[in-house]
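>>> Sequence plus predicted model, see below.
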Amino acid sequence: MQRLEIISVCGFGIGSSLILKMTIDDMLKSEGIEANTYPQDVTSVGGIKADLIFTSNELYDQIVERVEAPVIVIDNFLSTEEVKEKSLSKILKLMEENQQK
C-alpha cells in the first residue's frame with residue numbers, strides 16, 4: 001500500500017510547520033499509521049502533490065485554492081488531540097481509498 005503524503009505549511013517552511021509536522025507524526029505513531037510527512041512553505045505548496053495539508057487559519061486562504069488536497073486548519077500546533085480530532089477520520093478514509101486502488 002502506498003503511504004499517504006501529508007504536508008504541514010507555514011510562511012517559510014522551517015518554523016511552525018516543523019513543529020506541526022512533529023505533532024502530526026506523534027498522532028500518527030500513536031494510531032499506528034505510517035505516512036510521509038513534510039514541512040513546507042506557503043509559496044511552494046501549490047506545486048506539491050499531497051493527500052492532506054495542515055496549516056494555520058491565517059494561511060488557509062492562500063493555500064486552499066492552489067491545491068487539490070483537503071486542507072485542515074490547526075489552531076494549536078502543539079496539540080496532538082486537536083490534530084487527531086480534526087484529521088483522523090480523513091486519514092483513515094484516504095487510507096481506505098488507497099487500498100481500493
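Looks like it came in fine.

>>> What is the helix or strand harbouring residue 38 packed up against?
For residue 38, the element it lies in under DSSP states H and E is strand 35-41. Where contact means 3 or more CB pairs under 8 Å, 6 or more residues apart in numbering; DSSP states H and E, strand 35-41 is packed against strand 4-10, helix 16-30. The way it works is simple: take the backbone N, C-alpha and C, and place the C-beta from them, glycine included.

>>> Return it as PDB; C-alpha atoms alone will do.
The C-alpha trace of strand 35-41 is given here as PDB (Å, rounded to 0.1, in the frame of the first residue of the first chain):
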ATOM      1  CA  ALA A  35       2.700   8.200   6.400                       C
ATOM      2  CA  ASN A  36       5.300  10.500   4.800                       C
ATOM      3  CA  THR A  37       5.100  14.000   6.400                       C
ATOM      4  CA  TYR A  38       6.900  17.100   5.300                       C
ATOM      5  CA  PRO A  39       7.100  20.700   6.300                       C
ATOM      6  CA  GLN A  40       6.600  23.200   3.500                       C
ATOM      7  CA  ASP A  41       6.500  27.000   2.900                       C
END
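
>>> who does that strand pair up with?
strand 4-10 (parallel) (DSSP bridges).

>>> how about the strand it pairs with as PDB, C-alpha atoms only?
C-alpha atoms of strand 4-10 as PDB (Å, rounded to 0.1, in the frame of the first residue of the first chain):
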ATOM      1  CA  LEU A   4      -0.100   9.000   2.400                       C
ATOM      2  CA  GLU A   5       1.800  12.200   1.700                       C
ATOM      3  CA  ILE A   6       1.000  14.800   4.400                       C
ATOM      4  CA  ILE A   7       2.300  18.400   4.400                       C
ATOM      5  CA  SER A   8       2.400  20.900   7.200                       C
ATOM      6  CA  VAL A   9       2.600  24.500   6.000                       C
ATOM      7  CA  CYS A  10       3.800  27.800   7.400                       C
END
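
>>> Please consider this matter closed, and thank you.
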